[in-house]
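Student: Predicted structure and sequence below. I'll ask about it afterward.
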Amino acid sequence: MIGIGLIGCGSMGMGLGRALKSLEMARISAVCDENPDALMKASEEFGAKPYRSYEDLLGDGSVDACVVATPQFMHERICVAAANAGKHAFCEKPMALNVEECDRMIEAFKRSGKKLMIGQVLRFYPAFSKIKGLVETGLIGKPFAISVTRIGGGWGGWTRGWREKMELCGGLLMEVNSHEIDFMCWICGEPKTVYARMGRFVQKGQDYPDTCFVTISFEEGAFGFLHSSNASAIGDLSGKIQGEEGTIFWQDGFSPNGTIRYARISGESETVRIGDIGGEDPVRKELRLFLESIIEDKPSPIPGEEGRRAVAVAQAAYMSNEEGRPVEIKGR
């Protein structure tokens with residue numbers, strides 16, 4: 001059984017912890033949070049030893065791997081320390097706030113020989129897993145265009161604070177849209193250049209744009225478009241993929257009543273209700289795959305290089321907006 005150290009006991013961390021608790025191959029042996037109330041709650045719920053500092057948790061011999069669920073401005077320092085301590089790590093998205101931090105994380109785990117997985121959980125949601133499967137069957141041929149819309153209003157019930165500061169959260173494109181960027185790359189391959197326009201129109205409490213239009217060109221010839229906003233009175237999570245032999249549309253990707261519609265150019269369209277797809281809970285699945293990669297010594301399901309890719313696109317988009325020009329993706 002793998003001993004897990006849970007670092008970060010806010011709502012995200014507790015959700016990950018409860019998913020871990022359902023997996024027989026792991027046990028949460030230690031928890032860490034700077035907030036004493038959150039720490040005690042997690043310690044009691046999981047029967048785990050509490051630590052106020054991640055350094056102390058990483059020194060606990062019962063911890064084989066850590067799950068990092070802190071705000072992203074802390075990801076690099078914690079993950080590098082975990083690698084240096086000989087621990088595997090599952091790190092929530094976004095991987096970090098810039099490619100330089102990502103590169104240091106990747107190198108630390110290469111040196112240690114331990115696993116690093118980035119929590120790009122969108123891949124495991126029924127709608128997006130189904131769409132990827134349809135593409136892989138060759139149903140629509142080679143994808144050449146993808147567009148994704150994710151818009152809504154404000155932060156809802158999420159804690160604000162650090163989420164309103166660009167230097168702490170990375171703005172919308174990292175805090176929220178690392179999911180959509182990762183998905184677009186999962187479908188179309190390696191990104192090459194980015195051009196973006198952005199502005200802040202409604203959410204004056206945050207110090208970064210509340211509306212972003214991002215165009216991505218991919219190395220294999222496809223291109224993509226992302227519309228992101230937390231300044232919309234009407235929410236929308238939808239998208240389209242055009243392939244050389246067919247097309248896929250989806251609407252309300254997180255809702256069981258959402259739909260996926262697909263067709264070959266020469267055929268009739270079919271529609272699937274997302275709630276009818278079924279499958280394992282997405283968070284449980286990503287953690288199960290992480291644990292299996294450790295137990296079976298398999299490659300990380302979502303390695304640091306793929307987490308870095310989403311950060312690189314977002315970073316290039318911000319630069320493009322500032323400089324008014326297309327920006328090449330910064331490779332390793």
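Tutor: Received the coordinates, thanks. Residues are numbered from 1 along each chain as shown.

Student: buried stuff in stretch 287-300?
Tutor: When neighbours are counted by 16 or more other CB atoms under 10 Å, the buried residues of stretch 287-300 are found to be 287-291, 293-294, 300. Using the backbone N, CA and C atoms, a C-beta is placed for each residue, glycine as well.

Student: of all those, which comes closest to Glu220?
Tutor: Set against Glu220, the nearest of these by CB to CB is Ser300 (23.3 Å).

Student: what residues are up against that closest one?
Tutor: Under the criterion of CB atoms under 8 Å, 6 or more residues apart in numbering, the neighbours of Ser300 are 115-117, 290, 293.

Student: Same check on Lys285?
Tutor: Remark: with contacts taken as CB under 8 Å, 6+ apart, Lys285 is in contact with 124, 279.

Student: Please read off the pLDDT at it from the model.
Tutor: Looking at Lys285, its pLDDT is 98.

Student: related to what we said a few turns ago, restricted to strands, list the contacts of Ser300.
Tutor: When DSSP state E is applied, these are split such that 116-117 fall in strands.

Student: a markdown table for the contacts of Ser300, including pLDDT?
Tutor: Listed next are the contacts of Ser300 as a markdown table, based on pLDDT from 0 to 100:
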| residue | pLDDT |
| --- | --- |
| Lys115 | 98 |
| Leu116 | 98 |
| Met117 | 98 |
| Phe290 | 98 |
| Ser293 | 98 |
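
Student: Including distance to Asn35, could the contacts of Ser300 go into TSV?
Tutor: Rendered in TSV, the data for the contacts of Ser300 read as follows (distance: CB to CB, whole Å):
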residue	distance to Asn35
Lys115	28
Leu116	26
Met117	25
Phe290	25
Ser293	31
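
Student: looking just at contacts, which helices and strands does the top helix by length along the chain meet?
Tutor: Among the segments of the chain that qualify as a helix by DSSP state H, the longest is helix 304-323. Based on contacts counted as 3 or more CB pairs under 8 Å, 6 or more residues apart in numbering; DSSP states H and E, the elements that helix 304-323 packs against are helix 99-112, strand 116-119, helix 171-175, helix 178-188, strand 191-199, strand 211-218, strand 327-328.

Student: Give me the sheet partners of the shortest one and which way each runs.
Tutor: Strand pairing for strand 327-328, using DSSP bridges, gives strand 191-199 (antiparallel).

Student: Export the partner strand to PDB, keeping only CA atoms.
Tutor: Below are the C-alpha coordinates for strand 191-199, written out as PDB (Å, rounded to 0.1, in the frame of the first residue of the first chain):
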ATOM      1  CA  PRO A 191       1.400  23.800 -30.200                       C
ATOM      2  CA  LYS A 192       3.700  26.000 -32.300                       C
ATOM      3  CA  THR A 193       2.600  29.700 -32.200                       C
ATOM      4  CA  VAL A 194       0.000  31.700 -30.300                       C
ATOM      5  CA  TYR A 195      -1.800  34.900 -31.000                       C
ATOM      6  CA  ALA A 196      -4.100  36.500 -28.400                       C
ATOM      7  CA  ARG A 197      -6.300  39.500 -27.600                       C
ATOM      8  CA  MET A 198      -7.600  40.100 -24.100                       C
ATOM      9  CA  GLY A 199      -9.200  42.700 -21.900                       C
END
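
Student: Just give me how far the longest helix of the chain sits from the chain centre.
Tutor: 14 Å (CA atoms, centre = their mean, to the nearest Å).

Student: Now that helix - C-alpha only, PDB.
Tutor: The C-alpha atoms that make up helix 304-323 are tabulated as PDB, following Å, rounded to 0.1, in the frame of the first residue of the first chain:
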ATOM      1  CA  GLY A 304       5.500  17.100 -16.600                       C
ATOM      2  CA  GLU A 305       6.200  17.800 -20.200                       C
ATOM      3  CA  GLU A 306       2.400  17.800 -20.900                       C
ATOM      4  CA  GLY A 307       1.700  20.000 -17.900                       C
ATOM      5  CA  ARG A 308       4.400  22.300 -19.100                       C
ATOM      6  CA  ARG A 309       2.800  22.500 -22.600                       C
ATOM      7  CA  ALA A 310      -0.400  24.100 -21.200                       C
ATOM      8  CA  VAL A 311       1.600  26.600 -19.200                       C
ATOM      9  CA  ALA A 312       3.700  27.500 -22.200                       C
ATOM     10  CA  VAL A 313       0.700  28.200 -24.300                       C
ATOM     11  CA  ALA A 314      -0.900  30.400 -21.600                       C
ATOM     12  CA  GLN A 315       2.400  32.300 -21.100                       C
ATOM     13  CA  ALA A 316       2.800  32.800 -24.800                       C
ATOM     14  CA  ALA A 317      -0.800  34.100 -25.000                       C
ATOM     15  CA  TYR A 318      -0.200  36.700 -22.300                       C
ATOM     16  CA  MET A 319       3.000  37.800 -24.100                       C
ATOM     17  CA  SER A 320       1.200  38.000 -27.400                       C
ATOM     18  CA  ASN A 321      -1.500  40.200 -25.900                       C
ATOM     19  CA  GLU A 322       1.100  42.600 -24.400                       C
ATOM     20  CA  GLU A 323       3.200  42.800 -27.600                       C
END
